[in-house]
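K.L.:
Fold the following for me, if possible:
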Amino acid sequence: MRHTIFYLFIITAAASCKMGDTSIFSENTKIEQKYTTKGNYAVSTADIKYGNKRYKAYYPTQVNAKSPVITWGNGTGQTPKTYDQIFTHLASWGFIVIDNYEESTIDGASILESAKVMLQENLNAKSVFYQKVDTRHIGAAGHSQGAGGVVNAYKNFSDGKIITTIAPLAFPSILKPTGTGVKVPIFFISGEKDDFFSSLKYNKQSYDEVPSSIPAAKAARRGTFHELLTNNGLATGYLTAWMRFQLLGDKEAAKAFIGPSPEISLNPNWNNVATKNLR
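P.N.:
The predicted structure is shown next:
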């Protein structure tokens, strides 16, 4: 029954969205604009199979250094094909992105398993990823049900601590607020008009539950409903900047979030912004 409800929510929200990014880039949106633009790396994909489970990875075709990993949580009924655009974009900025074909991800198990598969690939001499994975920098991001899943992947498993940063997009309000127990940097991304599914109040509750000593941020994309991610990548710029900041130490990307007046707080494309312990 829960999965059916999730699915109906997604269909309703998607029908309400208008396709196309209506961002107006200006003096206060330069960082968002930069990281919304494609990165410098050409991108390749790889199909990986372990036992009877399949995974799909997107990665920089040529990279000399080890690449950090982003493991993904699918929304209800979704597969890697749904997120091809965002995966390609993140890989163009230097990340290895791995997803699986699980269409129910709320418990986080499959999301964590994807990350562990990439750690195994790093040790596999026959793999294209052999000794190419930065095993100390693993992010988890996901949309809708998958947003809850990435938090659960970190919190509910003993080896979930391999995840070093989390970015839930449109975390579903039918679950309990999720900040309690989070001890890694976390960025809550939502749509301003997603009141029914991932309300601003709920995202604030989750953000407020994150301990004050933990780096955290929240923001809502103006005028956007539940499908903000697949709506032509409306969240892509700052999601990319967050991962670059947290996993690669990108100082330019960090300016979107740090300081007394970070760009995201001045950006007219976003509201309901808050940050803490980011430096």
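K.L.:
can we go C-alpha only for contacts and neighbour counts from here?
P.N.:
Noted.
K.L.:
which stretches of this structure form strands?
P.N.:
Applying DSSP state E to the chain gives strands spanning 43-50, 53-60, 67-73, 96-100, 133-143, 165-169, 186-191, 216-221, 270-276.
K.L.:
Partner strands of the last one, with direction?
P.N.:
For strand 270-276, the paired strands and their directions (DSSP bridges) are strand 216-221 (antiparallel).
K.L.:
Please spell out which residues along the partner strand are buried.
P.N.:
Neighbour-count burial for strand 216-221 flags 216-221 (criterion: 16 or more other CA atoms under 10 Å).
K.L.:
returning to what we had before: next, format the strands of the chain as a markdown table and append mean pLDDT and distance to Ser114.
P.N.:
Output for the strands of the chain, formatted as a markdown table (pLDDT from 0 to 100; distance: least, CA to CA, whole Å):
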| stretch | mean pLDDT | distance to Ser114 |
| --- | --- | --- |
| strand 43-50 | 96 | 10 |
| strand 53-60 | 97 | 7 |
| strand 67-73 | 97 | 6 |
| strand 96-100 | 98 | 6 |
| strand 133-143 | 97 | 10 |
| strand 165-169 | 96 | 15 |
| strand 186-191 | 93 | 19 |
| strand 216-221 | 95 | 24 |
| strand 270-276 | 95 | 29 |
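K.L.:
Now render those strands as CSV, adding distance to Gln246.
P.N.:
Below are the strands of the chain laid out as CSV (distance: least, CA to CA, whole Å):
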stretch, distance to Gln246
strand 43-50, 21
strand 53-60, 18
strand 67-73, 10
strand 96-100, 15
strand 133-143, 8
strand 165-169, 7
strand 186-191, 10
strand 216-221, 11
strand 270-276, 14
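K.L.:
Compare those and give me the one nearest Lys204.
P.N.:
Closest approach to Lys204 among those (CA to CA): strand 216-221, 7.6 Å.
K.L.:
returning to that earlier point: kindly reformat the buried residues of strand 216-221 as a markdown table containing distance to Asn74.
P.N.:
As requested, the buried residues of strand 216-221 are exported to a markdown table (distance: CA to CA, whole Å):
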| residue | distance to Asn74 |
| --- | --- |
| Ala216 | 22 |
| Ala217 | 22 |
| Lys218 | 20 |
| Ala219 | 21 |
| Ala220 | 20 |
| Arg221 | 20 |
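K.L.:
quick one on the thing from earlier: quick one, which of the strands of the chain is nearest to Ser127?
P.N.:
Of all those, strand 43-50 comes closest under CA to CA, at 9.5 Å.
K.L.:
Using PDB, write out the CA atom coordinates for that closest one.
P.N.:
C-alpha atoms of strand 43-50 as PDB (Å, rounded to 0.1, in the frame of the first residue of the first chain):
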ATOM      1  CA  VAL A  43      31.500  10.600 -19.600                       C
ATOM      2  CA  SER A  44      31.300   6.800 -20.100                       C
ATOM      3  CA  THR A  45      28.900   4.300 -18.600                       C
ATOM      4  CA  ALA A  46      29.400   0.700 -17.400                       C
ATOM      5  CA  ASP A  47      27.000  -2.100 -16.600                       C
ATOM      6  CA  ILE A  48      28.000  -4.100 -13.600                       C
ATOM      7  CA  LYS A  49      26.500  -7.400 -12.400                       C
ATOM      8  CA  TYR A  50      27.000  -9.100  -9.100                       C
END
